[in-house]
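Peer 1: model the structure of this input:
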Amino acid sequence: MLRSLNRLRSYKIEVIGNRVHKVGRVENLLFDEKSWSVAALAVRPSGIFGHFRSKYESVFGVAQTAGINDDTRSITIRPVLNLLNATSLQSAKALIKSRVRTNLGHFGEIEDVFIDDVAWRIRYIMIDTVKYWPSRKVLLSTEWTTAVNWNDKSVLTNVSEDKIKSSPDFDPSKPINREYEELIFAHYAQPVYWTDKEISEIKEGAKYPWRKSI
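Peer 2: So this is what the prediction gives:
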């Protein structure tokens with residue numbers, strides 16, 4: 001399932017053991033910039049003072065996730081003894097409000113990112129193509145980006161601005177289904193990522209072996 005970062009940031013984190021411990025809410029996702037693979041959930045603590053803390057308190061590797069419950073808006077986590085080194089990871093939240101840079105310059109603004117919760121990978125960035133109303137929102141696959149410039153808050157791509165702006169309209173209130181993804185990949189004339197080989201590798205852990213070591 002493809003999940004919105006903005007929506008996930010309202011989900012509670014519950015650590016399971018002898019009993020369930022509610023430790024806070026998702027504040028951010030930490031990812032590897034080269035592969036766009038999500039490695040960890042950053043959590044802000046519960047309680048009245050948690051909202052005012054500038055830094056998150058806990059970081060949980062995504063390999064610890066036991067399940068996501070949309071009815072209770074919660075993510076259950078399995079406790080582990082080894083700690084995750086998050087120093088080399090980037091903030092997914094920092095991508096929000098970044099601009100898209102093509103060979104013609106900057107345009108639009110990133111409003112959200114969408115995560116594949118099976119592969120734990122950022123699959124798409126959602127772009128508001130214009131600054132003023134009425135705006136159009138479109139999706140761009142992270143496979144078609146070339147770099148992230150954290151200094152000027154921009155995501156670089158070789159795709160033309162016109163091609164992105166003419167992409168199929170995206171309604172963020174609706175879930176992303178395979179039919180819509182097929183429209184996007186057909187528009188950009190790109191091969192799809194959901195091949196039988198990729199799905200098999202994800203299930204076996206071969207595609208993202210770093211998940212096993214967390």
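
Peer 1: from the contact counts, what lies against the lengthiest strand in the chain?
Peer 2: Using DSSP state E, we find that the single longest strand of the chain is strand 21-31. Here strand 21-31 touches helix 5-8, strand 12-15, strand 38-45, strand 58-61, strand 90-91, going by 3 or more C-beta pairs under 8 Å, 6 or more residues apart in numbering; DSSP states H and E. (C-beta placed from N, C-alpha, C; glycine too.)

Peer 1: ok, that strand: who's next to it in the sheet?
Peer 2: The strands beside strand 21-31 in its sheet (DSSP bridges) come out as strand 12-15 (antiparallel), strand 38-45 (antiparallel), strand 90-91 (antiparallel).

Peer 1: please identify the deepest-packed of those.
Peer 2: A comparison of these by mean neighbour count, using mean count of other C-beta atoms under 10 Å, puts strand 38-45 on top with a mean of 23.

Peer 1: quick check: domain ranges of this structure?
Peer 2: Domain ranges of the chain: 2-91, 94-187, per automatic domain parsing.

Peer 1: closest to residue 24 out of the helices and strands packed on strand 21-31?
Peer 2: In terms of C-beta to C-beta, the element of the helices and strands packed on strand 21-31 nearest to residue 24 is strand 38-45, at 4.4 Å.

Peer 1: picking up where we left off before, now the helices and strands packed on strand 21-31 in CSV, with mean pLDDT?
Peer 2: Output for the helices and strands packed on strand 21-31, formatted as CSV (pLDDT from 0 to 100):
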stretch, mean pLDDT
helix 5-8, 95
strand 12-15, 91
strand 38-45, 90
strand 58-61, 85
strand 90-91, 94
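
Peer 1: out of those, flag the one nearest residue 130.
Peer 2: Closest of the helices and strands packed on strand 21-31 to residue 130 is helix 5-8, at 19.7 Å (criterion: C-beta to C-beta).

Peer 1: tell me the helices and strands packed up against the closest one.
Peer 2: Judged by 3+ C-beta pairs under 8 Å, 6+ apart, helix 5-8 is in contact with strand 21-31, strand 109-116.

Peer 1: got the angle between the first one and strand 109-116?
Peer 2: Which is strand 21-31. Angle of strand 21-31 versus strand 109-116, following axes from the mean of the first three to the mean of the last three C-alpha atoms, to 10 degrees, is 110 degrees.

Peer 1: and strand 21-31, what's buried?
Peer 2: 23-31 (16 or more other C-beta atoms under 10 Å).

Peer 1: swap in stretch 156-171?
Peer 2: Judged by neighbour count using 16+ other C-beta under 10 Å, the buried positions of stretch 156-171 are 157, 159, 161, 164, 167, 170.

Peer 1: in strands only, show me these.
Peer 2: Among the buried residues of stretch 156-171, the residues falling in strands (DSSP E) are residue 157.

Peer 1: which one of the buried residues of stretch 156-171 is nearest residue 126?
Peer 2: residue 170 (6.5 Å).

Peer 1: for the closest one, give me its contacts.
Peer 2: The contact partners of residue 170, by C-beta atoms under 8 Å, 6 or more residues apart in numbering, come to 126, 137-139, 180.
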